[in-house]
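K.L.:
Got a predicted model here, sequence first, then my questions.
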Amino acid sequence: MIEVPKAAIELAMRFEGFERKVKRGIEITAVPYICPAGFWTIGYGHLCDPKHPPITEAEAEVYLVRDLQTALAATLRFCPVLATEPEGRLAAVVDFTFNLGVGRLQTSTLRRRINQRDWLSASQELRRWVFGGGKVLPGLVARREAEVLLLIPG
């Protein structure tokens with residue numbers, strides 16, 4: 001079984017952040033919030049019910065690893081060529097899948113370009129996924145650029 005690439009974990013933590021922190025005594029916890037795409041989320045971008053109880057950073061990391069394992073399995077199912085590519089390429093697409101969902105990957109031109117091993121075109125496709133609520137979100141622009149750097153190093 002392939003492990004979640006470390007770079008995918010780092011990207012998710014960097015761009016998701018441990019959001020909506022609330023200090024309770026000595027412990028910092030996260031509470032549910034609505035992400036820019038309009039979904040209830042907690043911790044590092046974990047989808048949840050709006051009534052989800054607060055979680056610690058350690059609990060958020062457990063959710064994140066599980067969510068990334070799900071994204072990894074889906075990424076390899078729809079882009080099997082990534083199993084033999086450098087880990088950075090896999091990390092970039094796992095992060096994309098985690099961020100936007102498997103359905104977006106499954107039906108995308110990005111998927112076709114990856115499976116054709118057309119990395120330049122795949123990087124151009126990644127850069128198209130920067131909209132949230134009908135407008136370009138600077139955080140998504142930065143995230144896609146970080147993914148492109150992993151997809152096409154140096």
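P.N.:
Noted; the coordinates are in hand.
K.L.:
May I have the residues that are in contact with residue 62?
P.N.:
Counting by CB atoms under 8 Å, 6 or more residues apart in numbering, residue 62 makes contact with nothing. (C-beta placed from N, C-alpha, C; glycine too.)
K.L.:
average pLDDT for stretch 110-117?
P.N.:
Mean pLDDT, stretch 110-117: 98.
K.L.:
Strands along the protein, start to end?
P.N.:
In the chain, the strands defined using DSSP state E lie at 21-24, 27-30, 33-34, 40-42, 46-47, 55-56, 131-132, 135-136.
K.L.:
a markdown table please, covering the ones you listed and showing mean pLDDT and distance to residue 93.
P.N.:
A markdown table is the format used below for the strands of the chain (pLDDT from 0 to 100; distance: least, CB to CB, whole Å):
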| stretch | mean pLDDT | distance to residue 93 |
| --- | --- | --- |
| strand 21-24 | 65 | 29 |
| strand 27-30 | 78 | 26 |
| strand 33-34 | 88 | 26 |
| strand 40-42 | 93 | 21 |
| strand 46-47 | 94 | 20 |
| strand 55-56 | 92 | 27 |
| strand 131-132 | 88 | 19 |
| strand 135-136 | 92 | 21 |
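K.L.:
nearest to residue 72, of these?
P.N.:
Proximity to residue 72 (CB to CB) singles out strand 46-47 among those, at 15.5 Å.
K.L.:
which other helices and strands contact the closest one?
P.N.:
Identification of packing neighbours for strand 46-47 by 3 or more CB pairs under 8 Å, 6 or more residues apart in numbering; DSSP states H and E yields helix 57-78.
K.L.:
Could you tell me which residues within the helix it packs on count as buried?
P.N.:
Neighbour-count burial for helix 57-78, counted by 16 or more other CB atoms under 10 Å, picks out 59-61, 63-64, 67-69, 71-76, 78.
K.L.:
Farthest pair within those?
P.N.:
59 and 78 (29.2 Å).
K.L.:
wouldn't residue 34 be in contact with residue 40 here?
P.N.:
Yes - if you go by CB atoms under 8 Å, residue 34 and residue 40 touch, sitting 6.1 Å apart.
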